[in-house]
Structures are given as structure tokens and as C-alpha cells.
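**Student:** okay, predicted coordinates and the sequence, questions at the end:
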Amino acid sequence: MIEKDAKLEVERIIRAGEKESIRLRGLGGLAVYMTCPSAVRHTRLERSYADIDLAGLEKDRPWLGKLFLQLGYTPDHRFNTLHGQTRMIFYNPQDGSHVDVFLDKFQMCHTLDLRKRLLEGYLTLTLVDLLITKLQIVELNEKDIKDILSILLDHANGAEAPDQLDLNYLTGLTSNDWGLYTTLSDNLVTLKQFLLDYLLGDEVELVQERIEQVLQTMETSSKSLRWKVRSKIGRRVEWYELPEEVER
């Protein structure tokens, strides 16, 4: 699927859902492509996008099948029967691609509650949510690195806004979850090793400053009792899961 066509298809699906009072928002690499100019034009950050990932609400599950049928998709009946409370898959018979819909939560190395993150006026999850869904991956691959760098290069840290990273929301999560804090911190530190490989000129310093600001804000934010108790156990016990590919 060509990126431009995939972007238009995401918009078509989301607009159709809104007409039926079904809220969907883009996530994953394609959502980064839709929100970050660098993912489109930066020669070192461009990448391919195979399929569409969306976030939705479990309460809309009974109507999602009908919506995608109307849009010309074929449901994966077996998968949706087994996993439909948390995730649904629909195939596009025209090009063989598929749409993966995560319901209420995004579960990979860490579990992220998205029920209140499908905000009005957005086509994708917010920038900070997109960043967190990428940074929570324990074993980053090249596509993940490019996506994270695109977000950090194009958007300043700030409050909740379509063009800013809401650090208050991010630290609200990491100050209550030592495991998420640790994975995000580890990955941000690791990313600094790749800046010269993917960025040009002043971009390196800009992204490094933004990484340092995120790390400092996470470190200095007040931590919950839950965080402090888990921190005493530390890395002796794994704080993440390595997700297995779900059979389709």
C-alpha cells in the first residue's frame, strides 16, 4: 500500500466511523507518517508502511464489523472471535493489506490504557501517545527508531496540543509505573547513540536537547508509592513482556 493512499484510507475509515458514532484513531508508524513531516520528506527517516493500525473502543465492538464490511473489508472471523474483546483484524481484498484495531488498550511490552486518549478533533492518537507506544518497545528495530526520531525532531515538548508533546501526561504515567519509566528511560538513552546515523546538522543537537528534557522531567517528577515499592525490586525481576506474534 502506497503511503499517500494509506493515509487517505485511514482518513476514510475514521470519517466513516464518526458518522456511525464509532471513534477510531490512527496509531503505529502510519500515524507518525500522518503527523510528522520528517517521516514524509527526510531522506534518512523515510520508511515503508505495510498495514493500518487503529485504536478503538471495546464498547463499539458490536458495530465495527458492520462498519468495515460497508467499507469493503473482510473480517478475520476466527481471529475476531478469539480476540475480539481486545483486538480485531479486517482485510482489504484489493491489495491484501489489513487493518488492526486495538480496543481500549495497547498491549505490547507494556499495557497502555487508551480509553480516554481518542481525543476529539484528532485523526491519530496524540503525539505523546504515539511516542509512548514506540518507546515502550523493549527491542527497538530500525523502523521504531525512525518513527521516534521523526516525532522528536518535528515536535517540541510542551502541553497537550496537536503539535506538541504533552510531558505532563507522559510523566503522569511513568511516575506511577516503574517498569514503563525504566523502559522509556532506557530507550531514550539508547536513541542518543543513533542520532548521527539518522539526523543531519543542527537536527542532532535539537533532538538531543529534547531527549534530555524528557529524561530530566521523568526523573524529577514526584513518584507514587507504587513506583517506589517496585523500584526497590529493580531489574532483578523483569518489568516488561515480550509479545508474541498473534496467529492470524
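**Tutor:** Thanks, I have the structure now. Note that the structure is a prediction, hence the values are computed from the model and not measured.
**Student:** is the closest residue to Thr182 other than its chain neighbours in a helix, a strand, or coil?
**Tutor:** Nearest residue to Thr182, sequence neighbours excluded (C-beta to C-beta, 6 or more residues apart in numbering): Trp239, at 5.7 Å. Where C-beta positions appear, they are placed from N, C-alpha and C, glycine not excepted. Classification of Trp239 using DSSP: H, G, I helix; E, B strand; the rest coil returns coil.
**Student:** how many neighbours does Trp239 have?
**Tutor:** Neighbour count of Trp239, defined by other C-beta atoms under 10 Å: 20.
**Student:** list the contacts of it.
**Tutor:** Trp239 is in contact with 178-179, 182-183, 230, counting by C-beta atoms under 8 Å, 6 or more residues apart in numbering.
**Student:** likewise Asn168?
**Tutor:** By C-beta under 8 Å, 6+ apart, the residues touching Asn168 are 159-160.
**Student:** how does it look with 10 Å?
**Tutor:** Residues in contact with Asn168 (C-beta atoms under 10 Å, 6 or more residues apart in numbering) are 128, 158-160, 217, 221.
**Student:** ok, how many other residues are close to Val229?
**Tutor:** Val229: 10 surrounding residues under other C-beta under 10 Å.
**Student:** which helix or strand contains it?
**Tutor:** Element membership for Val229 (DSSP states H and E) is helix 225-233.
**Student:** buried stuff in that helix?
**Tutor:** Under the neighbour-count criterion of 16 or more other C-beta atoms under 10 Å, helix 225-233 has 227, 230 buried.
**Student:** what's it packed up against?
**Tutor:** The elements that helix 225-233 packs onto, with contact taken as 3 or more C-beta pairs under 10 Å, 6 or more residues apart in numbering; DSSP states H and E, are helix 178-191.
**Student:** next helix or strand past the helix it packs on?
**Tutor:** Note on helix 178-191: by DSSP H and E, the next helix or strand toward the C-terminus is helix 195-198.
**Student:** can you name the element that comes right after that next one?
**Tutor:** Helix 195-198 is succeeded, C-terminally, by helix 202-220 (DSSP H and E).
**Student:** what's the angle between that following helix and helix 178-191?
**Tutor:** Using axes from the mean of the first three to the mean of the last three C-alpha atoms, to 10 degrees, the inter-axis angle of helix 202-220 relative to helix 178-191 is 160 degrees.
**Student:** my read: Ser150 touches Tyr198, true?
**Tutor:** Yes - Ser150 lies in contact with Tyr198 (C-beta atoms under 10 Å); the separation is 9.3 Å.
**Student:** just want the phi and psi numbers for the nearest residue to Tyr73 once chain neighbours are set aside.
**Tutor:** Excluding its sequence neighbours, the residue lying closest to Tyr73 (C-beta to C-beta, 6+ apart) is Phe90, at 3.9 Å. Backbone torsions of Phe90, given as degrees, to the nearest 10, read phi -130, psi 140.
**Student:** I'd say Phe90 and Asp53 touch.
**Tutor:** No - applying C-beta under 10 Å as the test, Phe90 and Asp53 come out as separate, 11.8 Å apart.
**Student:** so between these two, which is more surrounded?
**Tutor:** Legend: neighbour count by other C-beta under 10 Å for Phe90 and Asp53, higher for Phe90 (25 against 22).
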